[in-house]
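S.K.: fold the stuff below for me.
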Amino acid sequence: METKSAHVACARCGATNRVPTERLGDDPVCGKCGQPLLDGHPVELDDASFDRVVQATDLPVLVDFWAPWCGPCRIMAPQFEQAARQLKGRVLFVKVNSDEAQRTAAKFGIRSIPTLVKLQRGREVARQSGALPAAQIVALAQR
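M.R.: Next up, the predicted model:
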């Protein structure tokens, strides 16, 4: 019997890992660098790593476009972190600093922050702007 698996790209080294689907919630680590892949915390991506990680990951990806000077972004950060813990192993949570990753922010037409963008196989399937509580972030991720 064949075991189903999902590809998950490592945000740190870029390696694509094949993880059995029943093990996605068991804190898998990268086979190349040994860093956690899905530990229930959002990963930081920049212009250099964004496409590589998102395109190589089979799981839904929820991206938080934010900036350090943004008050609503700072207020929402713990809520985003809580949602990442709730959906550990089912959704890859990503944070993109729109000031530092301007090419990626422009690619998605980010006009206000915070903005959450849900991607499925690299394609945008949902978007929501404004600070949200954890329950609404989870609902968006599961949409």
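S.K.: from here on, just use CA atoms for contacts and neighbour counts.
M.R.: OK.
S.K.: quick check: the residue nearest to residue 55 when sequence neighbours are not counted vs residue 86, distance?
M.R.: In space, and not counting its chain neighbours, residue 55 is closest to residue 122: 5.2 Å by Cα to Cα, 6 or more residues apart in numbering. In this view, residue 122 and residue 86 are 22 Å apart by Cα to Cα, to the nearest Å.
S.K.: and for residue 109, the neighbour number?
M.R.: A count of nearby residues for residue 109, using other Cα atoms under 10 Å, gives 9.
S.K.: just confirm it is within a helix.
M.R.: No: with DSSP: H, G, I helix; E, B strand; the rest coil as the criterion, residue 109 is assigned coil and is not in a helix.
S.K.: for it, give its distance to residue 18.
M.R.: According to Cα to Cα, residue 109 stands 32 Å off from residue 18.
S.K.: now swap in residue 107 and tell me
M.R.: With distances taken as Cα to Cα, residue 107 is found 28 Å from residue 18.
S.K.: show residues contacting the longest helix along the chain.
M.R.: In the chain, taking DSSP state H as the definition, the longest helix is helix 71-86. Here helix 71-86 makes contact (Cα atoms under 8 Å, 6 or more residues apart in numbering) with 39-42, 66-68, 91-93, 113-114, 130-135, 137-138.
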